[in-house]
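*Asks:* dropping a prediction and its sequence here:
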Amino acid sequence: MNAAAAPDPSALLVVRELTVTYRVSIRGGHALLRAVNDVSFELARGETLGLVGESGSGKSTIARALLRLVPAESGVALFHGTDLLALSGASLQAMRRHLQLIFQDPLASLDPRMRIADILAEPLRVFEPQLTGRQRQQRVLAIARAVGLAAAHLHRYPHEFSGGQAQRIGIARALIIEPELIVCDEPLSALDVSIKSQISNLLKDLQRELQLSLLFISHDLAAVRFSCDRVLVLYLGRVMETAGCDTLFSAARHPYTRALMRAAPIPDPIAARKRRSAPLEGEVPSPLFAPSGCVFRTRCPMAVERCAREIPLLRQVGASLVACHRAEEVDD
Ligand code: ATP
Ligand code: MG
């Protein structure tokens with residue numbers, strides 16, 4: 001991980017060599033499935049980092065490991081210099097208020113028997129028990145207003161809301177205890193197209209206003225381009241490329257990043273016409289049978305014999321960090 005070795009001193013979160021393995025049952029026995037393999041990245045205060053990659057690339061597993069919902073096999077995740085992965089008991093509980101999650105399916109994550117006011121007040125009861133009832137009420141009102149909910153909404157139950165409004169509630173619940181880092185796992189994908197841009201605008205406004213750091217997981221490259229400062233491209237649990245959003249969308253260096261972009265729907269018909277043939281052929285192999293060397297090589301149009309032998313390290317090429325032996329030959 002040479003090129004990524006020196007952590008930026010302004011980073012809020014520094015993840016180094018994170019590896020997460022699940023134990024899975026196969027053929028009556030067990031196997032170890034490496035869902036995240038040696039992943040390193042940093043997140044600065046006020047920055048939005050996109051995690052992209054096809055299904056199964058390990059995006060949600062990274063989020064779950066950071067939030068301590070699944071155990072990491074190895075690695076560190078320094079948050080303000082404290083390793084999240086090593087916390088336990090009271091210190092883990094205390095840390096939880098700084099790290100919140102916004103879910104893909106907002107309705108499923110809201111307790112159907114609770115009124116919105118109580119759903120929003122609950123995190124305050126847990127993390128700020130010293131507040132009086134009146135102070136809690138004020139905080140609930142303020143956060144509701146900030147996400148565009150009316151005071152009248154607070155007396156209703158989750159099923160009375162549309163998907164977009166439910167996601168506003170999910171965002172309010174995550175923000176009410178003023179966390180520093182929010183993990184959004186596909187926050188838009190359950191929403192109607194017309195609602196998507198409203199919610200992504202809301203997230204972006206709140207992120208700027210509150211100087212939040214966001215880990216933004218999404219399949220939707222257009223949403224990533226709109227929301228993110230930097231992007232981490234994952235494939236089979238490994239980082240393929242990482243770069244600033246502008247660099248990535250204008251001059252991606254990894255054949256996988258290129259293929260992902262070509263596979264994405266392009267709204268502009270002229271650009272779509274120019275698009276080259278079949279973008280991403282074949283299927284993602286199971287992590288149980290990950291290819292040797294570069295994990296992407298079995299689907300890579302540029303793969304050569306070296307790619308089967310040698311795992312490419314992340315290294316600086318142009319303005320990107322790229323894990324590809326042939327990154328210099330990927331032309332514009
Ligand atoms: P998606 O885009 O579909 O949400 P993802 O990038 O979030 O995919 P993960 O859900 O992190 O991917 O999964 C990474 C790998 O780990 C996959 O091969 C998946 O099958 C496996 N996996 C995920 N959760 C578990 C689990 N609880 N037990 C066993 N294997 C799991
Ligand atoms: Mg996922």
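*Replies:* Arrived safely, thanks for sending. Numbering: from 1, shown residues only. Ligands and ions are numbered 1, 2, ... in the order given.
*Asks:* near ligand 1, which residues of the stretch 151-300 of the chain?
*Replies:* Proximity of the stretch 151-300 of the chain to ligand 1, by C-beta under 6 Å from any ligand atom, involves residues His219, Pro287. Every C-beta, even on glycine, is put in place using the N, C-alpha and C of the backbone.
*Asks:* okay, strands next: where are they in the stretch 151-300 of the chain?
*Replies:* For the stretch 151-300 of the chain, the strands defined by DSSP state E, counting those that start in this stretch occupy 181-185, 213-217, 230-235, 238-244.
*Asks:* between strand 230-235 and the longest one, find me the angle.
*Replies:* Between the direction of strand 238-244 and that of strand 230-235, the angle (axes from the mean of the first three to the mean of the last three C-alpha atoms, to 10 degrees) works out to 160 degrees.
*Asks:* which helices and strands sit right next to strand 238-244?
*Replies:* For strand 238-244, the packing partners by 3 or more C-beta pairs under 8 Å, 6 or more residues apart in numbering; DSSP states H and E come out as strand 29-44, strand 230-235, helix 255-263, strand 320-322.
*Asks:* would CSV of these with distance to Glu54 and mean neighbour count be doable?
*Replies:* As requested, the helices and strands packed on strand 238-244 are exported to CSV (distance: least, C-beta to C-beta, whole Å; neighbours: other C-beta atoms under 10 Å):
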stretch, distance to Glu54, mean neighbour count
strand 29-44, 13, 18
strand 230-235, 7, 25
helix 255-263, 7, 21
strand 320-322, 18, 26
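*Asks:* residues in contact with the biggest helix by length in the chain?
*Replies:* Ranked by residue count under DSSP state H, the longest helix found in the chain is helix 193-210. With C-beta atoms under 8 Å, 6 or more residues apart in numbering as the test, helix 193-210 has contacts from 46, 48, 146-148, 162-164, 167-168, 171, 175, 178, 182, 184, 187-188, 191, 212, 214, 223, 226-227.
*Asks:* if we use 7 Å, what do you get?
*Replies:* Here helix 193-210 makes contact (C-beta atoms under 7 Å, 6 or more residues apart in numbering) with 48, 146-148, 163-164, 167, 171, 175, 187-188, 191, 212, 214, 223, 226-227.
*Asks:* rewinding a little: format the helices and strands packed on strand 238-244 as TSV; extra columns: mean pLDDT.
*Replies:* Converted to TSV, the helices and strands packed on strand 238-244 look like this (pLDDT from 0 to 100):
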stretch	mean pLDDT
strand 29-44	96
strand 230-235	97
helix 255-263	91
strand 320-322	96
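*Asks:* if you look at stretch 56-75, does any of it touch ligand 1?
*Replies:* Yes. Stretch 56-75 comes into contact with ligand 1 (C-beta under 6 Å from any ligand atom), by way of Gly56, Ser57, Gly58, Lys59, Ser60, Thr61.
*Asks:* in a markdown table: those, plus pLDDT, neighbour count and secondary structure.
*Replies:* Shown next, in a markdown table, are the residues of stretch 56-75 next to ligand 1 (pLDDT from 0 to 100; neighbours: other C-beta atoms under 10 Å; DSSP: H, G, I helix; E, B strand; the rest coil):
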| residue | pLDDT | neighbour count | secondary structure |
| --- | --- | --- | --- |
| Gly56 | 93 | 18 | coil |
| Ser57 | 95 | 26 | coil |
| Gly58 | 97 | 25 | coil |
| Lys59 | 96 | 25 | helix |
| Ser60 | 95 | 20 | helix |
| Thr61 | 97 | 24 | helix |
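*Asks:* which of the residues you listed sits closest to Leu260?
*Replies:* Using C-beta to C-beta, Ser57 comes nearest to Leu260 of the residues of stretch 56-75 next to ligand 1, at 10.0 Å.
*Asks:* residue contacts, that closest one?
*Replies:* Leu234, Tyr235, Leu236, Gly237.
*Asks:* how close does Ser55 get to Ser189?
*Replies:* Going from Ser55 to Ser189 by C-beta to C-beta, to the nearest Å gives 12 Å.
*Asks:* the more surrounded of those two?
*Replies:* Ser189 (14 against 8; other C-beta atoms under 10 Å).
*Asks:* could you count how many residues lie near the nearest residue to that one once chain neighbours are set aside?
*Replies:* Once flanking residues are discounted, Ser189 sits nearest to Gln104: 5.8 Å by C-beta to C-beta, 6 or more residues apart in numbering. Gln104 is flanked by 19 other residues according to other C-beta under 10 Å.
*Asks:* for Gln104, give its distance to ligand 1.
*Replies:* Distance, Gln104 to ligand 1, using C-beta to the nearest ligand atom, to the nearest Å: 8 Å.
*Asks:* quick check: that residue touching Leu188?
*Replies:* No. Gln104 is beyond contact range of Leu188, at 8.5 Å (criterion: C-beta atoms under 7 Å).
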